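A.B. asks: what's the 3D shape of this:
(2 chains)
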Amino acid sequence: MLRDRRREYLTAFILVGPFVLIYGVLFVWPTIQMVMLSFTKAPLIGAGDWVGWDNYVKILTHRLFHTASWNTAYFVLLTVIPNTLISLLIAMAVNRLNGWLQGLVLACFFLPYILPVSVVFLTWNWIIDVQYGLVQGVVRLFNGGEPASLTRTIPLFMPTVAFVTIWWTMGFNILLFLAGLRTISPEIYEAAQLDSAGRWRQFTRITWPLIWPVTALVLTIQLIAQLKIFDQVYLFSIGGRQDATIVLVQYIYKLAFQQNKGGEAATAAVLLFAMIIILSVLQYQLLRSRGEK
Amino acid sequence: MMHTLRKLALASSAFVALATGAYAQQTVVWWDFLAGGDGVRMKALIDQFNEEHQGEIQIEGTTLEWGTPFYTKLQTSSAIGEGPDIATYHLSRIPLAVDSGTLSEITDEDMAGAGISDDDFTQAAVAAAKVDDVRYAVPFDQHGLILFYNKEMLGEAGMLDDNGLPTGLDGMENFEAALAQFTADGKYGLSMPTGDRYRAVYSFFGQQGGTMFDEAAGGFFPTDEDLAKLTTATETMKRWVDNGWTPAQIESPAALALFTSGQAAFFIMGNWEVPTFTDLAAKGEIFEWGAVELPVLFDTKAAWSDSHAFVIPANAGKEADPEKRAAVMQVIAWMDQNSLDWAGAGHIPAFNAVRESEEFKTMKPQSDYAGFADTAVFDPRTILAGPATPLGDAWSNYINPATTGEIEPADAAMQMRDDLNSQL
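C.D. replies: As a prediction, this is how the structure comes out:
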């Protein structure tokens, strides 16, 4: 009995070992290093003098850090919940289709998701271009007949990039929702219909509660992904007022790779890391407790 | 099992022996950031070099993304000894590169070994390649902002002389009258990407004789007068936008298309756009065009300028290899001596023998604008300068938006000064 247990431990260790090792070397150790780095005045490469909490004071009082935090929060607000709702709506619509038609429509919605960000950027940059863009026909209606740049007009920047992001990423969420919807037994709907429950009632009483675990998952994945937003914002802002539209990861990038301030960049990274952990744990707990009611 | 291992060990030692045997030929790993017309011409030069040096030196070239991606990769790889043997570099960025320890010193002996010396190059470029009298780069070219024009449109307006060169553009009043004249029927006087306007603003700042940076006098835009000159330069651009002579918001590809489709009479851009038009002309897809120096709108001639150069990364921790270094220097010298082909990309060779050659002097339109090289305004000598640096960011964050009215030009100038000085 005792020997068997020992053998079980050994098997477990052999199976888990490689992952733990790789996880430790590639994630845990660099993370510890990053925290250490944030207390030094290191350049991008090499060691630096210990400066205690100086970097934290500097970053937390830096004007650009505040701009970046606000912009990131704004972007999260513009994408996380809208993306989830739109994906759910489309998933429910797709779910009503059958056979090859369902496959075709689903493929259409999923296709953007497999594109690299650079392709998404180039495509949309031409669609919204001031001189030649398709979208300008609509913009003119709202702008007194004049074209306007959607990415160079600062108040329009985040909504535009948020729109493109939703277009780009919703395919994956639709897939998750569709999988969730398929697990709901049709018998439940039949029973509800016999009790003369309408469409809306069926949605609020059956679909919404039963799909809730998937919704919670989608919301959490979205929150983490959008807090780490960088690519699209960076690409669309090249050549423009980058300081006005800067987001947190871009701020870290600017400090580290453009200004050669490794210590300060690590500090900003630690702050973002803490923010993501706190927010996502909070959100997940909140959503889970709601689902249990 | 043991048997297989032994076999493997034998095979690998044989391989090592083979590799060492082929030591006679040097492979020079080369990184550049040259895309578009620049890239095509550089690729041709590399191929030609490899052909002429078969069995001796072979260049293994890689092209990376211009700007921050290139410079970041070069800095990080050089710091761990994994950088290339040679790389292209902007001279404006040399102070920052030296500050971060990316580059290896190029000694007089290195130069002499390849048969070149400082006297072979333009003195402005030689000075820009040094920090505290230590040489870190060998100049290759000088490039800058020039004025492209549509010969057909200017010809119809009677603004060309017998040689097909524009006349009467100097002086603010004259140039603005021309801009106004061509702005009609949905056409514009001037096309220029919004993101590149700072280069024109810096040129106009230089035409007023402004000082951008003086460490002893307190940093960026040291006097109120300098700040006023920057404001005036920005206001000039803003006035052109306000009057509708140039589109308020326009991206690079669209700005190019606007000019090549005959919708704008003038196009202010770097000379690196020359191959685009040369190639279009070869296919018969463009009107008659030309390029000249920027007109003088203020007191003196001046145009924004920078310089491509070759550097040898420091490659920390890598053992010094004199033979490899000699090969690299030979590559550099050859490139400079053959830079006439590079001039085809619109650039002005830094190598005197090529620039003063008859072939270059008859090259069109290069020889029509080559004069800017003498009156060019470079980025100031500070670690904040160069492409993809805080100075570049400040231009985009303050001055470009000021030309479209998002910020008042005077405020923009002040904010730019304060932002840059706070990073010194």
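A.B. asks: show me the longest helix that occurs in chain A.
C.D. replies: If you go by DSSP state H, chain A has its longest helix at helix A:63-96.
A.B. asks: next, the buried residues of that helix.
C.D. replies: For helix A:63-96, a neighbour-count test (16 or more other Cβ atoms under 10 Å in any protein chain shown) marks A:64-65, A:67-69, A:71-73, A:75-76, A:78-80, A:82-84, A:87-88, A:90-92, A:94-95 as buried. For the C-beta atoms, the positions are set from N, CA and C on the backbone; glycine is no exception.
A.B. asks: roughly how far apart are the residue in chain B that chain A sits nearest to and B:Gln25?
C.D. replies: Closest contact between chain B and chain A, by Cβ to the nearest Cβ, is at B:Gly195 (3.1 Å). As judged by Cβ to Cβ, to the nearest Å, B:Gly195 and B:Gln25 stand 44 Å apart.
A.B. asks: so B:Asp226 touches B:Gly210, yeah?
C.D. replies: Yes: B:Asp226 lies in contact with B:Gly210 (Cβ atoms under 8 Å); the separation is 4.9 Å.
A.B. asks: which residues of the chain score low on pLDDT?
C.D. replies: Chain wasn't specified; assuming chain A. Scanning chain A for pLDDT under 70 picks out A:1-3, A:290-293.
A.B. asks: right idea, wrong chain: chain B
C.D. replies: B:1-23.
A.B. asks: longest strand of it?
C.D. replies: Looking across chain B with DSSP state E, the single longest strand is strand B:141-150.
A.B. asks: which residues of chain A lie near chain B?
C.D. replies: A:43-46, A:125, A:129-132, A:148-149, A:152-154, A:238-244, A:254, A:257-260 (Cβ under 8 Å from any Cβ of the partner chain).
A.B. asks: make a ChimeraX selection of the buried ones in those.
C.D. replies: One line in ChimeraX is enough to select the buried ones among the residues of chain A next to chain B; burial here means 16+ other Cβ under 10 Å:
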select /A:43,44,45,125,129,130,131,148,149,152,153,239,240,241,242,243,254,257,258,259,260
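A.B. asks: what's the distance between the closest residue to A:Ile81 other than its chain neighbours and A:Arg288?
C.D. replies: Distances taken as Cβ to Cβ, 6 or more residues apart in numbering or on different chains put A:Leu219 closest to A:Ile81, at 7.5 Å, once the chain neighbours are dropped. Distance, A:Leu219 to A:Arg288, by Cβ to Cβ: 11 Å.
A.B. asks: same question for A:Ser149.
C.D. replies: For A:Ser149 relative to A:Arg288 (Cβ to Cβ), the value is 43 Å.
A.B. asks: likewise A:Leu272?
C.D. replies: 24 Å.
A.B. asks: the two: who's more crowded?
C.D. replies: Each of A:Leu272 and A:Arg288 has its neighbours counted (other Cβ atoms under 10 Å in any protein chain shown); A:Leu272 has more, 20 against 13.
A.B. asks: show me the contacts for the more buried one.
C.D. replies: A:Leu227, A:Lys228, A:Leu248, A:Val249, A:Ile252 (Cβ atoms under 8 Å, 6 or more residues apart in numbering or on different chains).
A.B. asks: chain neighbours aside, what residue packs nearest to A:Asn173?
C.D. replies: Spatial nearest neighbour of A:Asn173, excluding adjacent residues (Cβ to Cβ, 6+ apart): A:Ser87 at 3.6 Å.
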